[in-house]
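*Asks:* return atomic coordinates for the entry below.
(2 chains)
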Amino acid sequence: EPEVTQTPSHQVTQMGQEVILRCVPISNHLYFYWYRQILGQKVEFLVSFYNNEISEKSEIFDDQFSVERPDGSNFTLKIRSTKLEDSAMYFCASSQQGARGNTIYFGEGSWLTVV
Amino acid sequence: AQRVTQPEKLLSVFKGAPVELKCNYSYSGSPELFWYVQYSRQRLQLLLRHISRESIKGFTADLNKGETSFHLKKPFAQEEDSAMYYCALSGVGNEKLTFGTGTRLTIIP
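*Replies:* Residues are numbered from 1 along each chain as shown, chains lettered A, B, ... in the order given. Below you'll find the model as predicted:
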């Protein structure tokens, strides 16, 4: 069965550094997402991406965050200048036709530690 | 605003006993409700959604709009049901899933 893949599985970075998390969504999917989960807290929506643009974003997704689909297969999340509170598990996800009425498939997550 | 509440962080049940994981939601429109499961060291995966009205791995969930609930039930727990369970909601016209805080279910042999 096709899967969403994410790299790296774990990254440690210094505060203020830029981080790029990479994802390969399922190939025939059109909607892409990033979620995050701070340790001990709920899974939170960050952003959705469709037709090469952001379709929705949360309050968490401020100017420090950006997403890109640089080629036909990758979907990246960039954090420009990391803060300690950005430490979390970041999940990439994809679906064929959006959240309603469809299954969203999640990757295994990228654990980001900011020190 | 959309909100999902799972009142139990931890739930332990003996094998063979019935299981009920509670989920309540707050949403002014017509919601779509889901249950996602995360087994140890695995990814989040969809267990079931209310519009399908299906039973997966013996689990069922009924959307009760009057009580704004979507509780997950299984008549006889099995050891392999031990996992983290998340209730989630999708609203009309938006792309996001709003998750509850999750319930860790442990089945006691």
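*Asks:* where's A:Val115 relative to A:Ile104, distance?
*Replies:* Counting by C-beta to C-beta, to the nearest Å, the gap from A:Val115 to A:Ile104 is 31 Å. Yep, even glycine has a C-beta here, placed from its N, CA and C like the rest.
*Asks:* then B:Trp35?
*Replies:* From B:Trp35 across to A:Ile104, the span is 13 Å (C-beta to C-beta).
*Asks:* cool, and A:Ser55?
*Replies:* Noted for A:Ser55: a distance of 14 Å to A:Ile104, by C-beta to C-beta.
*Asks:* cool, and A:Ile26?
*Replies:* Distance, A:Ile26 to A:Ile104, by C-beta to C-beta: 10 Å.
*Asks:* what do these two both touch?
*Replies:* Residues touching both A:Ile26 and A:Ile104 (C-beta atoms under 8 Å, 6 or more residues apart in numbering or on different chains) are A:Ser94.
*Asks:* more neighbours: which of the two?
*Replies:* Neighbours per residue (other C-beta atoms under 10 Å in any protein chain shown) separate A:Ile26 from A:Ile104, with A:Ile104 holding more: 26 against 17.
*Asks:* pretty sure that one contacts B:Lys96?
*Replies:* No. Here A:Ile104 does not reach B:Lys96: they are 10.0 Å apart, not a contact under C-beta atoms under 8 Å.
*Asks:* is stretch A:9-22 positioned near chain B?
*Replies:* No. Counting by C-beta under 8 Å from any C-beta of the partner chain, chain B is not contacted by stretch A:9-22; separation bottoms out at 11.4 Å.
*Asks:* quick check: buried residues in stretch B:79-86?
*Replies:* Buried residues in stretch B:79-86, counted by 16 or more other C-beta atoms under 10 Å in any protein chain shown: B:Asp81, B:Ser82, B:Ala83, B:Tyr85, B:Tyr86.
*Asks:* next: stretch B:24-33.
*Replies:* Those would be B:Asn24, B:Tyr25, B:Tyr27, B:Pro31, B:Glu32, B:Leu33, for stretch B:24-33 by 16+ other C-beta under 10 Å.
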